[in-house]
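1. Quick one: sequence and predicted model below, then my questions.
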Amino acid sequence: MSFGSPYLTLPDFTYHRASTVEEVIALLKEHGDEAKVMAGGVGLIAFMKERLMSPAHIIDVKGVEELRQLRYAPGKGLSVGASVTYEELASSEVLKEKYTVLHEAVSRTGDPMIRARATLVGNVCEAIPWIDSAPALISLDASVEIAGARGKRTVPVAGFIRGPVDIDLESDEFVTGIQIPDAVRGTRGAFEKFTGGSEFAVASVAVTLASENKRRRARVVFGSVNSTPVRCTEAEKALEEGEFTQATIRRAAKVAAESVECVSDVLASSEYRKHLVEVVTLQALWRLLQN
Ligand SMILES: Cc1cc2nc3c(=O)[nH]c(=O)nc-3n(C[C@H](O)[C@H](O)[C@H](O)COP(=O)(O)OP(=O)(O)OC[C@H]3O[C@@H](n4cnc5c(N)ncnc54)[C@H](O)[C@@H]3O)c2cc1C
């Protein structure tokens, strides 16, 4: 991953290896304005080499046992600690069975070396527009759990990501994990992305379908098409009405392409992205229709 700068070395910093949540909080209280929390370091180290970030202190949370937990409890849902890697998530049977949309998104993130180090929480905290995890998490109504010297709080992922590299986090706080509600029995999900040969998606979609009180409930969330993930309630409505057929999925994909606001950048024009919105939606829904 390169943003085009010539730097290859890291700027100077002081490294702190925390072993408890309390220790992380104390270090943030002392150095918060000048510190960055590090999980896998995949994104942070790349940003530092590019001089896009130069924190004087790095607080490594990989050694905090409490943050390594990946726990599922019926009725409560799934808790993903801040140090849980993509590899651990991709090999989780619970994720595969109950949270298919997220399982597909994490399994298609980067390559095996990236997945061995990178964490889901680090991906969400990075908050770059083309991350894959956020659309899937938003389609599952997931929340971010935050701790700091002033206590704990929980924020929906949809509100946590405020803009590119902009998250709802104070300098003396850090994210301890992500909480995903228990999926209603029979919930299905699919994730699709188009990369066009780039490392990252040019357009992606996360779709979740569930049955609530004999009604179909849909969530359709796009990634990489705008500065933050975009939920498309118009496409959701199209999917919630009538039978779930080929005609329904064609209509929903068309509605999505018409309603989702897409940006132009070096990877694609907004018009091309609109076309991709329709394509990835059709691909995801087609798989759901066949299963
Ligand atoms: C070659 C390559 C390919 C990639 N492909 C993809 C891809 O296909 N899809 C995709 O979505 N991403 C992709 N990525 C991005 C990658 O997934 C992220 O960089 C990674 O998930 C970040 O996780 P991390 O644990 O390494 O975070 P770190 O690098 O440790 O941290 C990233 C940022 O989050 C902050 N942070 C981390 N943990 C916390 C915490 N607990 N509390 C508060 N802030 C925190 C850090 O301070 C930093 O600003 C790719 C990256 C590379 C280098």
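-> Okay, I see it. Residues are numbered from 1 along each chain as shown.
2. C-alpha coordinates for the longest helix seen in the chain, CSV please?
-> Longest helix of the chain, by residue count under DSSP state H: helix 270-290. C-alpha atoms of helix 270-290 as CSV (Å, rounded to 0.1, in the frame of the first residue of the first chain):
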residue,chain,number,x,y,z
SER,A,270,-19.1,8.4,-10.2
GLU,A,271,-21.0,7.1,-13.3
TYR,A,272,-18.8,3.9,-13.5
ARG,A,273,-19.3,3.4,-9.7
LYS,A,274,-23.1,3.7,-10.2
HIS,A,275,-22.8,0.9,-12.8
LEU,A,276,-20.7,-1.1,-10.3
VAL,A,277,-23.3,-0.6,-7.6
GLU,A,278,-25.9,-2.4,-9.8
VAL,A,279,-23.4,-5.2,-10.7
VAL,A,280,-22.2,-6.0,-7.1
THR,A,281,-25.8,-5.8,-5.8
LEU,A,282,-27.0,-8.2,-8.5
GLN,A,283,-24.1,-10.6,-7.7
ALA,A,284,-24.8,-10.6,-4.0
LEU,A,285,-28.6,-11.0,-4.4
TRP,A,286,-28.2,-13.7,-7.0
ARG,A,287,-26.2,-15.8,-4.6
LEU,A,288,-28.9,-15.2,-1.9
LEU,A,289,-31.6,-16.2,-4.3
GLN,A,290,-29.9,-19.5,-5.1
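3. list the helices and strands it packs on?
-> strand 188-194, strand 203-212, helix 246-259 (3 or more C-beta pairs under 8 Å, 6 or more residues apart in numbering; DSSP states H and E). (C-beta placed from N, C-alpha, C; glycine too.)
4. weakest of the ones you listed in terms of mean pLDDT?
-> Of all these, mean pLDDT reaches its minimum on strand 203-212 (a mean of 94).
5. how many degrees apart are the longest helix of the chain and helix 246-259 in direction?
-> 160 degrees (axes from the mean of the first three to the mean of the last three C-alpha atoms, to 10 degrees).
6. list the buried ones in helix 270-290?
-> Across helix 270-290, burial judged by 16 or more other C-beta atoms under 10 Å covers 272-274, 276-288.
7. closest to Val21 among those?
-> Checking the buried residues of helix 270-290 against Val21 by C-beta to C-beta gives Ala284 as the nearest, at 37.0 Å.
8. That closest one contacts Glu192, correct?
-> Yes - using C-beta atoms under 8 Å, Ala284 makes contact with Glu192 at a distance of 4.3 Å.
9. Which residues are in contact with each of those two?
-> Val205 (C-beta atoms under 8 Å, 6 or more residues apart in numbering).
10. follow-up on the earlier one: of the helices and strands packed on helix 270-290, which is nearest Pro135?
-> Across those, closest to Pro135 is strand 203-212 (C-beta to C-beta), at 3.9 Å.
11. Packing partners of the closest one?
-> Using 3+ C-beta pairs under 8 Å, 6+ apart: strand 203-212 touches helix 100-107, helix 133-139, strand 188-194, strand 215-223, helix 270-290.
12. Reformat these as TSV; add distance to the ligand.
-> Formatted as TSV, those follow (distance: least, C-beta to the nearest ligand atom, whole Å):
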stretch	distance to the ligand
helix 100-107	8
helix 133-139	6
strand 188-194	8
strand 215-223	8
helix 270-290	14
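13. Make JSON lines out of the ones you listed and add distance to Asp168.
-> Output for these, formatted as JSON lines (distance: least, C-beta to C-beta, whole Å):
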{"stretch": "helix 100-107", "distance to Asp168": "21"}
{"stretch": "helix 133-139", "distance to Asp168": "13"}
{"stretch": "strand 188-194", "distance to Asp168": "24"}
{"stretch": "strand 215-223", "distance to Asp168": "18"}
{"stretch": "helix 270-290", "distance to Asp168": "26"}
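14. Give me the contacts around the longest helix of the chain.
-> 188-194, 202-207, 209, 220, 222, 225, 235, 239, 244-246, 249-250, 252-254, 256-257, 260, 262-264, 268.
15. what distance separates that helix from the centre of its chain?
-> Centroid separation for helix 270-290 versus its chain: 19 Å, with C-alpha atoms, centre = their mean, to the nearest Å.
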